[in-house]
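Visitor: model this:
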Amino acid sequence: MVENRPILYLFPSTMGIAPVADVLPQRNIELLRGVRHFIVENVRTARRFIKACDRDFPIDESSFVELNRHTDPKEVAAMLAPMAQGYSMGVISEAGCPAVADPGADVVAIALRKGYEVMPLVGPSSIIMGVMASGFNGQSFAFNGYLPIDAKERAARLKELERRIRRERQTQIFIETPYRNNKLIQWLAANMAGDLLLCVASDLTGQNQKITTLPLSQWRSRQYNYDKTPAIFLLYS
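Guide: Just a heads-up that it's a prediction; the model follows:
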């Protein structure tokens, strides 16, 4: 339906295997039902998520365009074409909140410059939930994305983060490809100061959610297995 005032809705999606109703407000689903044009990180995942929200949603009557790390920046503005025609649109990330550590931020910036209304909706964010559950400083924290793969670059980066922790009392947050989770923890425990605290928050909102905060000195001898499990890592002292 064409609207007088098109809105760019930012729809959070589920992060783990959990019923949609356990994670998202009913209002999100009601708003989702009224949208037919979507900008998504992955079409297949987005379609599955929408069907989980409403099994009767007319997927085949909807349009989807992908915005991810492979997208040419020159193509992003054109994705908002339906809004120029008066249609509202929805942005859906692969997991969690769109536009937070997510390519969706690019299209939001363009929408704002064009004068469109942007409406963020309530939903799970692994970054925020990790901070909430870690016991670390929630007044000052930084999300660093993926750490460098090269050992020397990674060591230098983590030394920099450690300086921020000790000097600024700032919580440092990062992620890793799930199949490398165990190796990352082993590396941190073996190469960083033992008094630093590491929180591993895994499968947040999922059926196997687990949150553990310990000094790195204890992680050195601890038994764990986060292989192929989505997790977020936080360091503090």
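
Visitor: Quick check, Ile165 in contact with Leu235.
Guide: Yes - look at Ile165 against Leu235 with CB atoms under 8 Å: they come within range, at 6.1 Å. All C-beta spots, glycine's among them, are computed from the backbone N, C-alpha and C.

Visitor: where do the helices sit along the chain?
Guide: Assigned by DSSP state H, the helices in the chain fall at 20-23, 26-32, 43-53, 81-84, 104-113, 126-134, 151-168, 181-191, 216-219.

Visitor: And the ones you listed: which comes nearest Asp203?
Guide: Closest approach to Asp203 among the helices of the chain (CB to CB): helix 126-134, 9.9 Å.

Visitor: what's the closest one in contact with?
Guide: With CB atoms under 8 Å, 6 or more residues apart in numbering as the test, helix 126-134 has contacts from 15, 95-96, 100-101, 138, 141, 143, 171, 173, 175, 199, 201, 204-205, 211, 213, 230, 232, 234, 236.

Visitor: How about exporting it as CSV, limited to the C-alpha atoms?
Guide: Output of helix 126-134 as CSV, limited to C-alpha atoms (Å, rounded to 0.1, in the frame of the first residue of the first chain):
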residue,chain,number,x,y,z
SER,A,126,24.6,-9.3,21.1
ILE,A,127,26.8,-6.3,21.9
ILE,A,128,24.4,-4.7,24.4
MET,A,129,23.4,-8.0,25.9
GLY,A,130,27.0,-9.0,26.3
VAL,A,131,27.8,-5.8,28.1
MET,A,132,24.7,-6.2,30.3
ALA,A,133,25.6,-9.7,31.3
SER,A,134,29.4,-9.3,31.7
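
Visitor: residues of that helix that come out buried?
Guide: For helix 126-134, burial by neighbour count (16 or more other CB atoms under 10 Å) applies to 126-131, 133-134.

Visitor: cool, stretch 208-220 as well?
Guide: 211-213, 216, 219.

Visitor: cool, and stretch 39-50?
Guide: By neighbour count with 16+ other CB under 10 Å, stretch 39-50 contains the buried residues 39-42, 46-47, 49-50.

Visitor: Equivalent analysis for stretch 172-191, please.
Guide: Going by neighbour count (16+ other CB under 10 Å), the buried part of stretch 172-191 is 172-176, 180-182, 184-185, 187-189.

Visitor: and the two most separated of these?
Guide: Farthest pair in those (CB to CB) is Gln172 and Asn182. Separation: 19.8 Å.

Visitor: quick one: the residue most central in space within the chain from Thr205, how far?
Guide: Nearest residue to the geometric centre of the chain (CA atoms, centre = their mean): Gly96, 4.7 Å. The gap separating Gly96 from Thr205 is 9 Å, by CB to CB, to the nearest Å.

Visitor: shared neighbours, the two?
Guide: By CB under 8 Å, 6+ apart, the residues touching both Gly96 and Thr205 are 15, 124.

Visitor: Test my guess that Asp106 contacts Lys74.
Guide: No - between Asp106 and Lys74 there is no contact under CB under 8 Å: 11.0 Å.

Visitor: Comparing the two, which shows the higher neighbour count?
Guide: Set side by side, Asp106 and Lys74 show more neighbours around Asp106, with 17 against 7, by other CB atoms under 10 Å.

Visitor: Look up phi and psi at the nearest residue to that one once chain neighbours are set aside.
Guide: Closest residue in space to Asp106, ignoring its immediate chain neighbours: Val76 at 5.1 Å, by CB to CB, 6 or more residues apart in numbering. With angles defined as degrees, to the nearest 10, Val76 sits at phi -70, psi -50.

Visitor: and what of Ala18?
Guide: Reported as degrees, to the nearest 10, the phi and psi values for Ala18 are phi -150, psi 150.
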